[in-house]
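Chemist: my questions are about this predicted structure, shown below with the sequence.
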Amino acid sequence: MADQWQPQPHAPRKGLAIASLVLGILSVPTLGLLFVGACAGIGLGIAALMKASKDPQHYGGKGMAIGGLVMSALSLLAIPFIGIIAAIAIPSLLRARVSANEAMAIGDIRTVISAEAAYAAGNGEFFDTLECLTQPTSCRPNAPTIQFLTNMPPTKSGYVRTFHPGPPAPPAALATGSISPSSLQSYAFSAVPLTQGRTGVRAFCGDATGVICQTTDGSAPAVADGRCVVAGSYGDLAQCATSAGVSELPAAPAPDPPAAPAPDPPAADAGGGRLATSALGAVRVGGSIREPRKIKDVRPSYPDIAQQARVQGVVILEVMIDPAGEVTDVKVLRGIPLLDHAAIEAVRQWVYTPTLLNGQPVPVIMTVTVNFRLT
């Protein structure tokens with residue numbers, strides 16, 4: 001008698017479970033596949049578990065379905081935590097980017113000021129365009145081969161940089177043929193955020209005086225006759241007038257004779273005399289107030305570009321020394337743009353013996369000099 005054919009049992013179906021597991025695995029690194037994938041993985045996992053429980057002979061893969069459910073659920077739970085982290089980190093990164101862009105803009109303005117000062121030392125004390133600073137030999141006869149300034153693109157690190165030429169050099173100076181035909185009596189260099197609030201918050205302007213001013217709202221600084229229009233002081237930098245606030249700048253009038261400075265309010269010393277004091281209560285050195293003794297001296301670092309340009313001289317500074325003998329404020333009285341920053345940085349680190357008035361330490365104001373000499 002022939003053997004009867006026996007049907008072979010079918011392997012349990014695992015398609016739903018496998019799909020749930022795959023979606024769960026993909027959901028972990030992709031934040032739930034933008035939420036939709038994780039929800040689909042959970043739905044497929046539940047369907048696979050229900051079918052496997054009701055009809056285990058035809059449907060299987062419980063373990064894969066559970067794995068898919070767990071991973072999809074974890075990816076959904078991670079979304080809020082990652083969102084919180086992003087909400088904290090992204091603004092910090094943007095602020096750091098803005099600070100870096102602003103620092104780069106200020107640094108470029110200082111670079112232009114230093115380059116112009118070095119160039120003017122060999123150009124009859126006249127300034128010039130950025131192109132001439134980049135290639136001096138193409139603008140000035142017998143110019144050195146040194147490159148005072150590298151090529152500076154108009155847009156860089158989120159800021160738009162603009163060179164504002166001032167009046168040209170007098171015809172008599174140009175007629176000598178010893179200076180560049182494009183020589184200038186003054187100039188200004190500004191940097192304005194490309195996108196206010198995103199690439200930068202403040203705008204900046206610097207000129208031949210060596211002063212850098214800012215606008216705190218990022219608006220374009222006002223420039224007149226190749227000079228930044230300074231409106232006041234704000235923090236470490238001067239406050240620029242804005243282009244919107246200066247609709248029409250009149251021609252500069254002839255300078256009046258300097259008025260005699262008003263005397264500082266006097267303060268009594270121990271001997272019944274009078275001492276000159278500042279509005280901040282600091283006593284000026286002189287008379288019975290002797291100059292404090294320096295107990296910590298820091299020599300300035302000679303800027304490389306100043307050495308290459310053979311720039312030397314004396315920078316005269318006015319300093320305020322607090323009762324503990326530390327320098328708290330420095331103001332340039334007579335400077336050399338290429339050397340001023342190095343002198344200020346060194347003097348800020350000087351320390352003096354405290355100055356006593358009626359037995360009490362008091363802040364003092366005095367004049368100091370920093371000598372730069374090439375060896």
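Modeler: Received it, and whenever you're ready, just let me know what you need. Quantities reported herein were computed from a predicted structural model and do not represent experimental measurements. Residues are numbered from 1 along each chain as shown.
Chemist: where exactly do the helices run in the stretch 101-250 of the chain?
Modeler: All helices of the stretch 101-250 of the chain, identified by DSSP state H, counting those that start in this stretch, fall at 130-134, 171-175.
Chemist: of all the ones you listed, which one comes closest to F372?
Modeler: helix 130-134 (21.8 Å; CB to CB). C-betas here are computed from N, CA, C, even on glycine.
Chemist: so which elements touch the closest one?
Modeler: Applying 3 or more CB pairs under 8 Å, 6 or more residues apart in numbering; DSSP states H and E, one finds that helix 130-134 contacts helix 62-121.
Chemist: for the protein, where's the lowest mean pLDDT among helices and strands?
Modeler: strand 274-276 (a mean of 39; mean pLDDT, DSSP states H and E).
Chemist: can you pull up the most central residue in this structure?
Modeler: Against the mean C-alpha coordinate of the chain, by CA atoms, centre = their mean, the closest residue is A103 at 1.5 Å.
Chemist: ok, back up a step: comparing the helices of the stretch 101-250 of the chain by mean pLDDT, which bottoms out?
Modeler: Lowest mean pLDDT within those: helix 171-175, at a mean of 86.
Chemist: which residues sit against that one?
Modeler: Helix 171-175 is contacted from outside by G124, F126, P168, I179, P181, S183, using CB atoms under 8 Å, 6 or more residues apart in numbering.
Chemist: now stretch 208-217
Modeler: With CB under 8 Å, 6+ apart as the criterion, stretch 208-217 contacts 106, 109-110, 113, 116-117, 127, 186-187, 196, 201-206, 221, 226-228, 230-231, 234, 237-240, 242, 332, 335, 337, 340.
Chemist: what about the residues you listed, which are in strands?
Modeler: Assigned to strands by DSSP state E, the following of those qualify: 187, 203-206, 227-228, 230-231, 234, 237-240, 332.
Chemist: coming back round to it: pull out the buried residues from the contacts of stretch 208-217.
Modeler: Buried members of those, scored by 16 or more other CB atoms under 10 Å, are 106, 109-110, 113, 116-117, 127, 186-187, 201-206, 221, 226-228, 230-231, 237-240, 242, 332, 335, 337, 340.
Chemist: strands of the stretch 201-350 of the chain, start to end?
Modeler: Assigned strands in the stretch 201-350 of the chain, in chain order: 203-207, 212-215, 223-224, 227-228, 230-234, 237-240, 266-268, 274-276, 283-284, 294-296, 313-321, 327-334 (criterion: DSSP state E, counting those that start in this stretch).
Chemist: any idea which of those gets closest to V351?
Modeler: Smallest distance to V351 across the strands of the stretch 201-350 of the chain (CB to CB): 3.7 Å, for strand 294-296.
Chemist: any low-confidence regions in this protein?
Modeler: 1-10, 31-34, 86, 89-90, 141, 232-237, 243-280, 287 (pLDDT under 70).
Chemist: mind splitting it into its structural domains?
Modeler: 15-90, 95-240, 266-372 (automatic domain parsing).
Chemist: leaving out chain neighbours, which residue sits closest to I146?
Modeler: Q308 (5.8 Å; CB to CB, 6 or more residues apart in numbering).
Chemist: can you tell me how far I344 sits from P337?
Modeler: Distance, I344 to P337, by CB to CB, to the nearest Å: 12 Å.
Chemist: and T137, by the same measure?
Modeler: T137 is 23 Å from P337, where distance means CB to CB.
Chemist: OK, contacts around P181?
Modeler: C139, L174.
Chemist: what's the answer for H164, then?
Modeler: Y187, A188, F189, S190, V223, G226.
Chemist: what's around the fourth one, how many residues?
Modeler: For S190, the neighbour count with other CB atoms under 10 Å is 26.
Chemist: equivalent analysis for the second one, please.
Modeler: The local packing of A188 (other CB under 10 Å) involves 26 other residues.
Chemist: enumerate every residue touching it.
Modeler: Taking CB under 8 Å, 6+ apart as the test, what A188 contacts is F163, H164, G166, C205, G206, D207, V223, G226, R227, C228.
Chemist: same thing with the first one?
Modeler: By CB under 8 Å, 6+ apart, Y187 lies in contact with E116, F127, F163, H164, P165, G166, D207, A208, G226.
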